[in-house]
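Q: quick one, what's the 3D model for this:
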Amino acid sequence: FDLFRDPIFWKSVRNNISLVFLSIFTQLPVALILATFISRKSKLNDMFRTVYFFPQLLSSVAIGVLWRYLYDPAFGLINEVLQNIGIIKSSIDFLGSENLALYSVAVAISWRHMPFYMILFIAAINGIPTELYEAGTVDGASKIKSFFYITLPMLKATIINAVVLVLVGSLKYFDIIYVLTEGGPNYASELMATYMYKMAFTRFRMGYGSTVAFALFVIALFLSMLFLRITNRNNMKKEELN
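A: Below you'll find the model as predicted:
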């Protein structure tokens with residue numbers, strides 16, 4: 001019962017849920033757009049696939065260290081570029097600000113995992129029969145209309161699977177966040193996984209850490225089942241209407 005009275009735990013839950021939505025609405029749309037543009041086979045697209053997939057090949061710790069240097073308020077590339085183009089006048093401490101820490105971490109996480117969903121969407125797009133696009137062209141459909149009326153409906157199952165993967169993965173994020181902020185400042189970027197690690201291996205409260213881990217499992221299972229139930233119910237309603 002101590003867990004339910006722990007304000008830090010509930011803050012980590014809220015941060016986790018926020019990160020879930022940030023990940024879904026950043027990783028998947030960008031990955032889908034990139035997949036649409038480079039799904040056709042060509043030497044140039046092959047090069048782009050290699051470049052875009054590169055973050056997936058790096059370790060999470062290396063990515064955390066890289067983005068820590070990029071965000072550095074003293075000599076970080078991001079602050080320098082923003083100052084040179086006149087967007088900001090003084091350096092911003094992205095990782096040291098309670099208002100920006102979670103969003104800054106979300107950008108690094110999205111950059112890390114976006115290539116995986118891009119490859120997933122490319123495989124699904126390549127599996128769409130070309131006859132559908134040819135029929136759309138004959139009917140006068142533009143590329144934009146073909147995307148919304150052919151590509152998106154055919155990718156529905158893949159998008160649902162990707163959302164579930166992002167949802168479950170977002171609840172388990174640990175390494176990049178721990179390298180960047182360790183859950184700070186003032187627990188602004190604390191997640192259930194980082195809180196569990198601190199309780200179990202920093203404060204050596206193994207029982208409490210196990211309780212947080214079990215709560216993480218229950219929340220991930222509940223959200224996954226809820227999303228799948230909602231999507232299945234919507235599919236059943238559409239089938240009944242048809």
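Q: which residue sits farthest out from the middle of the protein?
A: V138 (37.5 Å; C-alpha atoms, centre = their mean).
Q: what about the chain, any weak spots by pLDDT?
A: Of all residues in the chain, those with pLDDT under 70 make up the ranges 1, 234-242.
Q: quick one, strands of it?
A: According to DSSP state E, the chain carries no segments that qualify as strands.
Q: who touches the residue farthest from the centre of the chain in this structure?
A: Residues in contact with V138 (C-beta atoms under 8 Å, 6 or more residues apart in numbering): none are found. Bear in mind the C-beta positions are built from the backbone N, C-alpha and C, glycine included.
Q: what of G169?
A: Counting by C-beta under 8 Å, 6+ apart, G169 makes contact with S23, H113.
Q: and the helices in the protein?
A: The residue ranges that make up the helices of the chain, judged by DSSP state H, are 7-38, 43-57, 60-71, 77-84, 101-126, 130-138, 143-146, 152-154, 156-171, 175-180, 192-197, 206-241.
Q: columns distance to D93 on top of the ones you listed, output as CSV?
A: Shown next, in CSV, are the helices of the chain (distance: least, C-beta to C-beta, whole Å):
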stretch, distance to D93
helix 7-38, 19
helix 43-57, 24
helix 60-71, 8
helix 77-84, 9
helix 101-126, 9
helix 130-138, 48
helix 143-146, 41
helix 152-154, 40
helix 156-171, 25
helix 175-180, 12
helix 192-197, 20
helix 206-241, 29
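Q: out of those, which gets nearest to I92?
A: helix 77-84 (6.2 Å; C-beta to C-beta).
Q: separation between Y133 and I38?
A: From Y133 over to I38 the distance is 16 Å, taken as C-beta to C-beta, to the nearest Å.
Q: look at these two and report which has more neighbours.
A: I38 (20 against 16; other C-beta atoms under 10 Å).
Q: what's near enough to touch that one?
A: The neighbours of I38, taking C-beta under 8 Å, 6+ apart as the test, are N45, F48, R49, Y52, I122.
Q: can you tell me which of those are buried?
A: R49, Y52, I122 (16 or more other C-beta atoms under 10 Å).
Q: if I look at the first one, how far off is I160?
A: Counting by C-beta to C-beta, the gap between R49 and I160 amounts to 24 Å.
Q: please apply the same query to the last one.
A: As for I122, its distance to I160 is 17 Å (criterion: C-beta to C-beta).
Q: re the thing from before, any chance of the buried ones among the contacts of I38 in TSV with distance to D175 as columns?
A: Putting the buried ones among the contacts of I38 into TSV (distance: C-beta to C-beta, whole Å) gives the following:
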residue	distance to D175
R49	25
Y52	21
I122	26
